[in-house]
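[1] No sequence on hand, only this structure:
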């Protein structure tokens with residue numbers, strides 16, 4: 001999967017315009033590769049400005065930002081996040097859900113999921 005993503009990305013010179021664009025492009029390519037392997041249609045997702053997302057994340061209450069960063073940006077699962085923060089797994093899930101809802105509202109994508117809300 002990594003090799004396929006890099007090969008596809010390398011063939012598109014626009015993907016290296018700047019680090020924010022390159023990162024977004026790589027994630028889009030990964031989504032398409034995964035969808036193709038699952039036999040699903042590889043439809044492009046909504047385009048979201050990474051600067052706007054980071055700005056919106058910074059406006060979250062500290063406890064929501066903390067769990068969102070742990071689960072989505074650091075790749076930790078709910079159980080390890082809960083243990084690390086000394087809260088219950090239900091609290092982690094509730095905070096993640098609230099954070100995603102706030103981000104959707106802040107970014108104007110209330111009808112489209114920003115990310116899949118199923119906690120890991």
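    Ah, there it is. All values reported here derive from a predicted model rather than from experimental measurement.
[2] lowest average confidence, helix or strand, in this structure?
    helix 2-10 (a mean of 68; mean pLDDT, DSSP states H and E).
[3] Quick check: residue 81 vs residue 73, distance?
    Computed as C-beta to C-beta, to the nearest Å, the residue 81 to residue 73 distance reads 11 Å. Using the backbone N, CA and C atoms, a C-beta is placed for each residue, glycine as well.
[4] who's more crowded, the two?
    residue 81 (25 against 9; other C-beta atoms under 10 Å).
[5] Tell me which helix or strand that one sits in.
    helix 78-85 (DSSP states H and E).
[6] now for that helix, which elements pack on it?
    On a contact count with 3 or more C-beta pairs under 8 Å, 6 or more residues apart in numbering; DSSP states H and E, helix 78-85 meets helix 62-68, helix 89-107.
[7] can you list the weak-confidence ranges in the protein?
    The model of the chain has pLDDT under 70 over residues 1-2, 5-25, 41-48, 109-120.
[8] per the record, what domains does it have?
    Following automatic domain parsing, one gets these domains for the chain: 2-38, 50-107.
[9] Tell me which of these sits most buried.
    Highest mean neighbour count of the domains of the chain: domain 50-107, a mean of 16 (counted as mean count of other C-beta atoms under 10 Å).
[10] Ends of that domain, what's the gap?
    End-to-end distance of domain 50-107: 11 Å, with C-alpha to C-alpha, to the nearest Å as the criterion.
[11] Also stretch 38-52?
    31 Å.
[12] who touches the helix holding residue 81?
    The contact list for helix 78-85 (C-beta atoms under 8 Å, 6 or more residues apart in numbering) reads 66, 67, 70, 71, 76, 88, 89, 91, 92, 93, 119, 120.
[13] what's the angle between that helix and helix 89-107?
    100 degrees (axes from the mean of the first three to the mean of the last three C-alpha atoms, to 10 degrees).
[14] if we can go back for a sec, nearest to residue 49, of the helices and strands packed on helix 78-85?
    helix 89-107 (8.5 Å; C-beta to C-beta).
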